[in-house]
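Chemist: return a 3D structure for these sequence lines:
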Amino acid sequence: MVTTRVDNLDQLESGATLLQLEAEVPKVMKRAHNRRGNPHHDHVPSDEMDLLIETINESDIGWKADTCKLQKHHAKYGAHCDTDGPLVLS
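Modeler: Okay, the predicted model is just below:
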């Protein structure tokens, strides 16, 4: 809402009209969903990613990387990864 205040009517020009306009304009959040990539779908297994996933999982940092992102021939590839159930992306 835009408000203009006139403290003294002598400040107005002669013949001026006072209007009160009010409008509620919702905030529009800009979304980039149509341009944003999905790193889970864009993931391509590689030797470098295997090394990174192993390093993260062997470290004590409070979370573990998804072993389903390893190459299928990797020794630590998750046994649960090849099921036909729903895909979990976390």
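Chemist: which residues in the protein form strands?
Modeler: Counting by DSSP state E, the chain has no strands to list.
Chemist: how about the nearest residue to Ile53, chain neighbours excluded?
Modeler: Ala65 (4.4 Å; Cβ to Cβ, 6 or more residues apart in numbering). All C-beta atoms are positioned from the backbone trio N, CA, C, and that covers glycine.
Chemist: confidence score at Pro26?
Modeler: Among the per-residue scores, Pro26 shows a pLDDT of 70.
Chemist: what's the burial count for it?
Modeler: Pro26 has 5 neighbouring residues, counting by other Cβ atoms under 10 Å.
Chemist: do Ile53 as well
Modeler: Ile53 has 21 nearby residues by other Cβ under 10 Å.
Chemist: next one: it from Arg35, what distance?
Modeler: Shown here: Ile53 relative to Arg35, a distance of 28 Å by Cβ to Cβ, to the nearest Å.
Chemist: do Lys27 as well
Modeler: Using Cβ to Cβ, Lys27 is found at 21 Å from Arg35.
Chemist: repeat for Thr55
Modeler: In this view, Thr55 and Arg35 are 31 Å apart by Cβ to Cβ.
Chemist: those two: which is more packed in?
Modeler: Taking other Cβ under 10 Å, Thr55 and Arg35 do not tie; Thr55 has more neighbours (11 against 6).
Chemist: next, the contact list for Asn56, please.
Modeler: If you look again at residue 56, you'll see it is Ile, not Asn. Going by Cβ atoms under 8 Å, 6 or more residues apart in numbering, Ile56 touches Trp63, Lys64, Ala65.
Chemist: what about the first one, how many neighbours?
Modeler: I take that to be Trp63. Trp63 has 8 neighbours, counted by other Cβ under 10 Å.
Chemist: which phi and psi does it have?
Modeler: Per-residue torsions, Trp63: phi -150, psi 160 (degrees, to the nearest 10).
Chemist: please name the nearest non-neighbouring residue to it.
Modeler: Trp63 sits nearest to Ile56 (Cβ to Cβ, 6+ apart), 7.9 Å away.
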